[in-house]
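J.: Have a look at this prediction, sequence included:
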Amino acid sequence: MDSFWGHLVAFWWLIFPLSAVAGGWWHRFSKEGEIRHRRRLELERLRAGLPPEPSGGGEPQPAESGAPEPGTEDGKAAPSPVQDASRLLADHDAINARWLEYELDVAKMIDFPGMSDVGEPLTVEYLKAKRRADSLRPVGQEELSREDLEAYREAVLAYGHAFDVAERNAHRMKDAAFSPEERERLSRARQLLNIAVDPGSTAPERQAAYRRVRKELDGLLAVPQTAFSALERQIAAALDPSHRPASEEHQG
């Protein structure tokens, strides 16, 4: 025991270089951990559709000579709140247009039933995000405050991201969530729908196919009446001689 303490006293000076080495290791470990953390944050931002953070981990950088003033882009004035709101409204409308394609197109509902399945968690999430974005949308010429504008921006971004995720999942899953018998019904409905909208089909064939489409989908998909009404108008327009191509009329 005396020998141990003797060695410890004799080599006490090693504490300082060893501490420096240990400190260097710890600094390197902390730095690598910080880099990994930043990479994870950047990946999450990309998944959410947000722009990447500026280089330097988001720390303020000194302004370079000749650089644009803060709040400008390439020397141009930053958009006004009204212009900013207009862009957000356009983005919101674009997402709603994509959503309507699945609400009004019976063929898309058959091909990608997950987009209208309220039992699918991802569908529920995008519908919640849609309701929030719609609720924060300015009415008419209403001018939003800075806080309300930022809340609306976040809601539109969240809506777009949730819709993208749900759409990718629906395209990947297709009819995998249905039983074999239900998949057969979906397949028959899709074939009948092709007949109903086929310009080469006769009027009785189209009408019979349309009725059978509704029967196959009854209790299987929650197809809104607006979608069936759009399909009916499509079929009616094709059956109207005034809407037929001239070549088809001459053949008749």
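T.: That came through, no problem. Residues are numbered from 1 along each chain as shown.
J.: What is the neighbour count of the nearest residue to Ala158 once chain neighbours are set aside?
T.: Leaving aside its sequence neighbours, Ala158 sits nearest to Ala129 (C-beta to C-beta, 6 or more residues apart in numbering; 4.9 Å). Placement of C-beta: from N, CA and C, glycine included. For Ala129, the neighbour count with other C-beta atoms under 10 Å is 22.
J.: what do you get for Ala94?
T.: There are 12 residues near Ala94, going by other C-beta under 10 Å.
J.: That one sits in which helix or strand?
T.: helix 81-104 (DSSP states H and E).
J.: got a list of what Val223 touches?
T.: Val106, Met109, Ser116, Leu217 (C-beta atoms under 8 Å, 6 or more residues apart in numbering).
J.: How about the secondary structure of Asp175?
T.: Look at Asp175: counting by DSSP: H, G, I helix; E, B strand; the rest coil, its state is coil.
J.: quick one: it and Asp117 touch, right?
T.: No: applying C-beta atoms under 8 Å as the test, Asp175 and Asp117 come out as separate, 10.7 Å apart.
J.: returning to that earlier point: go through the contacts of Val223 and name the one nearest Asp91.
T.: Ranked by distance to Asp91 (C-beta to C-beta), the contacts of Val223 are led by Ser116 at 22.7 Å.
J.: Now the closest residue to that closest one other than its chain neighbours. Its backbone dihedrals?
T.: Leaving aside its sequence neighbours, Ser116 sits nearest to Met109 (C-beta to C-beta, 6+ apart; 5.7 Å). Main-chain dihedrals, Met109, degrees, to the nearest 10: phi -70, psi -30.
J.: just to confirm, which helix or strand has Val206 in it?
T.: Not quite, residue 206 is Arg, not Val. Counting by DSSP H and E, Arg206 is found in helix 203-217.
J.: Same check on Gly140?
T.: Residue-wise, Gly140 maps onto no helix or strand under DSSP H and E.
J.: Can you give me the pLDDT of it?
T.: Looking at Gly140, its pLDDT stands at 85.
J.: Quick check, Ala227 in contact with Ala107.
T.: No: Ala227 is beyond contact range of Ala107, at 9.7 Å (criterion: C-beta under 8 Å).
J.: contacting residues for Glu182?
T.: Glu182 neighbours (C-beta under 8 Å, 6+ apart): Asp175, Leu220.
J.: quick revisit: among Ala227 and Ala107, which residue is more densely surrounded?
T.: Ala227 (22 against 15).
J.: What's the separation between the more buried one and Asp93?
T.: Distance, Ala227 to Asp93, using C-beta to C-beta, to the nearest Å: 20 Å.
J.: Grab the nearest non-local neighbour of Pro79.
T.: Arg87 (7.2 Å).
J.: Pretty sure the one you found sits against Asp93.
T.: No: judged on C-beta under 8 Å, Arg87 makes no contact with Asp93 at a distance of 10.8 Å.
J.: Check Leu239 and give its pLDDT.
T.: pLDDT, read off for Leu239, is 74.
J.: who's in contact with it?
T.: Ala203, Arg206.
J.: rerun at 6 Å
T.: Taking C-beta atoms under 6 Å, 6 or more residues apart in numbering, we find Leu239 in contact with Ala203.
J.: Against Arg206, how distant is it?
T.: In terms of C-beta to C-beta, Leu239 sits 7 Å off from Arg206.
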